[in-house]
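>>> model the structure of this input:
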Amino acid sequence: MGYDKKLRLNAFNMNSVGHISHGTWTHPRDQSPNYTDLDQWVKLAQTLERGKFDGLFIADVIGTNDVYGGSPDAALRDSVQVPINDPIIPLSAMAYATKHLGFNVTANLTYERPYILARRFSTLDHLTKGRIGWNIVTGYLDSAARAMGLTEQIRHDDRYDMADDYLDLVYKLWEGSWEDDAVERNRASGRFTDPAKVHRIKHDGPFYQLDAIHLCEPSPQRTPVLFQAGTSSRGRDFAARHAECIFMSSQGQNVELTRNIVADLRRRAVANGRAADDLKIFVGVTVVVDRTEAAAREKYAEYERYASAAGGLTHFCASIGIDLSRYGLDEPINAGSTQAMGAALDAITKYNTGASWTVRRLLDEMKLGSRNKPIVGSASQVADELTAFARETDIDGFNLVRVVTPESYEDFVDLVVPELQQRGVFKEEYEEGTLREKLFGHGSGQLPDRHYGRRFRYRPSGAAGDANAPLHEGTAS
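Residues are numbered from 1 along each chain as shown. Next up, the predicted model:
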């Protein structure tokens with residue numbers, strides 16, 4: 001039984017030494033300690049474009065993973081996402097060195113003022129010629145809250161309420177402040193912009209207020225492609241309204257659980273007036289591949305010798321908001337709700353149907369420094385597993401996690417991509433257009449009419465249109 005749609009692929013990375021597979025920076029071929037070298041980022045982007053990847057997905061975290069042991073010491077020792085640099089800074093250089101690769105970058109709206117963030121993404125959309133996406137996160141670390149002057153993390157569902165208000169505001173700036181033909185660039189008249197076609201946005205929401213025009217002229221996509229990774233119940237509600245691409249864990253490659261979550265996400269999107277395929281759903285995957293299964297198994301065993309299960313546990317504690325250093329190795333983990341990552345905690349509580357989770361069991365799973373269960377084998381075997389999982393769960397593609405960098409990406413590009421192309425399940429060449437056009441085929445490259453954010457596009461008072469639009473009346477500034 002074949003796979004009847006083209007797989008989508010992103011590389012999953014972070015502007016840090018350790019990301020997901022902790023400890024592997026010690027491998028002699030790993031170059032992740034060179035994360036401060038711009039040349040390394042440019043070469044990675046060129047490798048991914050050679051492999052026809054849809055995008056580079058750059059994760060980020062504000063704060064340190066200091067839950068384990070109640071201090072950042074363990075994270076600092078194992079380089080568990082610290083030190084970490086700003087994910088946005090390298091993008092311009094990578095975009096300049098490529099033509100088609102998309103860039104999906106994380107920005108935390110809890111700590112970023114919306115007016116400034118809107119300008120930053122409009123600027124990136126211009127400079128990349130419409131190849132930028134925003135991975136919307138609300139944060140999950142108390143250390144981040146303290147760093148930003150709060151005493152503790154804002155409650156999980158309250159963060160999503162804030163996020164809804166935040167999105168309304170930035171939609172108004174991106175979609176409603178400037179009309180398409182506001183910029184004239186008329187040298188003869190000396191008029192660059194028609195003031196009557198630039199509209200002041202007034203937003204008085206429950207969390208954010210604004211009275212201003214957007215600082216940027218309309219970019220190719222106006223609104224960047226919207227990514228989101230929350231699969232808690234509240235996160236799914238948010239995704240159904242706003243997200244175009246959703247990143248979720250593989251749930252331990254549990255087909256039934258993943259399929260149920262995907263179906264629920266698509267149902268919620270339809271309930272919001274969207275089509276089921278308006279969502280592109282990506283699952284994180286770790287791949288160890290070589291020319292034969294035996295060689296791949298040998299490579300996996302080699303990687304395992306350098307990986308740090310302790311680093312993986314440090315990261316996991318921060319994700320669930322529980323200090324597991326307080327538990328004995330074989331003591332069942334009995335945890336109530338926290339204000340950290342609901343989906344990560346659900347994985348060992350709500351969705352756990354087997355034996356109780358213990359620290360020993362978690363460490364045993366983290367042979368490559370994380371709970372990601374790797375796919376190990378030849379290119380043909382890897383392709384078999386990827387296409388079968390995608391077919392059986394109705395996902396659209398994968399976010400490829402690095403183990404040893406850039407080797408993990410190079411191996412996949414050189415071995416797995418040709419195999420997928422030969423099977424007709426992965427593109428031979430890029431389509432032209434913006435990132436949104438490449439992913440969805442929308443003619444304009446901008447938000448489709450049925451997306452919630454499109455209702456904020458400016459229309460003159462009394463103009464015919466969607467019954468939901470406009471939600472604001474722009475006035476000439």
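>>> and the residue lying closest to Arg191 once chain neighbours are set aside, what element?
Nearest residue to Arg191, sequence neighbours excluded (Cβ to Cβ, 6 or more residues apart in numbering): Glu184, at 5.6 Å. Using the backbone N, CA and C atoms, a C-beta is placed for each residue, glycine as well. Per DSSP states H and E: Glu184 is located in strand 183-186.
>>> cool, Ile281 as well?
strand 280-290.
>>> the residue nearest to Arg191 touches Gly190, doesn't it?
No: between Glu184 and Gly190 there is no contact, the gap being 10.0 Å when judged by Cβ atoms under 8 Å.
>>> so between these two, which is more surrounded?
Glu184 (12 against 6; other Cβ atoms under 10 Å).
>>> so who does the residue nearest to Tyr306 when sequence neighbours are not counted touch?
Leaving aside its chain neighbours, Tyr306 sits nearest to His27 (4.4 Å; criterion: Cβ to Cβ, 6+ apart). Listed by Cβ atoms under 8 Å, 6 or more residues apart in numbering, the contact set of His27 reads Glu302, Tyr303, Tyr306, Val404.
>>> ok, now Lys438?
Contacts of Lys438 (Cβ under 8 Å, 6+ apart): Asp54, His100, Gly102, Tyr430, Glu431.
>>> repeat for Asp164
Asp164 sits in contact with Phe238, Arg241, where contact means Cβ under 8 Å, 6+ apart.
>>> what's the spacing between it and Ala296?
From Asp164 across to Ala296, the span is 45 Å (Cβ to Cβ, to the nearest Å).
>>> tell me the SS of the residue nearest to the spatial centre of the chain?
Nearest to the geometric centre of the chain sits Asn135, at 4.4 Å (Cα atoms, centre = their mean). In terms of secondary structure, Asn135 is strand; the call rests on DSSP: H, G, I helix; E, B strand; the rest coil.
>>> that one contacts Ala229, correct?
Yes: the pair Asn135 / Ala229 is scored as a contact, 6.7 Å apart, by Cβ under 8 Å.
>>> what sits in contact with each of those two?
Phe247.
>>> can you tell me which helix or strand His315 belongs to?
helix 309-320.
>>> what's near enough to touch Leu173?
Leu173 touches Pro114, Tyr115, Ala118, Ile201, Leu210, His214, counting by Cβ under 8 Å, 6+ apart.
>>> which of these fall in helices?
Counted as lying in helices by DSSP state H, out of those, are Pro114, Tyr115, Ala118.
>>> adding neighbour count, pLDDT and distance to Lys172, write the contacts of Leu173 out as a markdown table.
Listed next are the contacts of Leu173 as a markdown table, based on neighbours: other Cβ atoms under 10 Å; pLDDT from 0 to 100; distance: Cβ to Cβ, whole Å:
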| residue | neighbour count | pLDDT | distance to Lys172 |
| --- | --- | --- | --- |
| Pro114 | 21 | 98 | 10 |
| Tyr115 | 17 | 98 | 11 |
| Ala118 | 26 | 98 | 9 |
| Ile201 | 25 | 97 | 5 |
| Leu210 | 18 | 97 | 8 |
| His214 | 23 | 98 | 8 |
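>>> next, format those as JSON lines and append distance to Val289.
Shown next, in JSON lines, are the contacts of Leu173 (distance: Cβ to Cβ, whole Å):
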{"residue": "Pro114", "distance to Val289": "42"}
{"residue": "Tyr115", "distance to Val289": "45"}
{"residue": "Ala118", "distance to Val289": "41"}
{"residue": "Ile201", "distance to Val289": "49"}
{"residue": "Leu210", "distance to Val289": "49"}
{"residue": "His214", "distance to Val289": "45"}
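>>> what is the nearest of the residues you listed to Ser233?
Pro114 (25.0 Å; Cβ to Cβ).
>>> what values do phi and psi take at the residue nearest to that closest one when sequence neighbours are not counted?
Spatial nearest neighbour of Pro114, chain neighbours left out: Leu169 (4.8 Å); criterion: Cβ to Cβ, 6+ apart. Dihedral pair for Leu169: phi -70, psi -50, per degrees, to the nearest 10.
>>> so what's Ile132 up against?
Contacts of Ile132 by Cβ under 8 Å, 6+ apart are Leu91, Gly102, Phe103, Asn104, Val105, Phe121, Leu124, Asp125, Gln221, Pro224, Val225, Leu435.
>>> separate out the buried members of these.
Leu91, Gly102, Phe103, Asn104, Val105, Phe121, Leu124, Asp125, Gln221, Pro224, Val225, Leu435 (16 or more other Cβ atoms under 10 Å).
>>> closest to Asp414 out of the residues you listed?
Gly102 (21.1 Å).
>>> I'd assumed Val225 was in contact with the closest one.
Yes: judged on Cβ under 8 Å, Gly102 makes contact with Val225 at a distance of 7.3 Å.
>>> measure Asn65 to Thr193 for me?
Distance from Asn65 to Thr193, by Cβ to Cβ: 46 Å.
>>> what about those two, which has more around it?
Asn65 (24 against 14).
>>> gap between the more buried one and Tyr35?
Asn65 is 17 Å from Tyr35, by Cβ to Cβ.
>>> equivalent analysis for Asp277, please.
For Asp277 relative to Tyr35 (Cβ to Cβ), the value is 36 Å.
>>> who has more neighbours, those two?
Neighbours per residue (other Cβ under 10 Å) separate Asp277 from Tyr35, with Tyr35 holding more: 22 against 13.
>>> phi first, then psi, for the more buried one.
Listed backbone geometry of Tyr35 is phi -60, psi -20, with angles given as degrees, to the nearest 10.
>>> and it, what does it touch?
Contacts of Tyr35 (Cβ under 8 Å, 6+ apart): Asn15, Ser16, Val17, Asn85.
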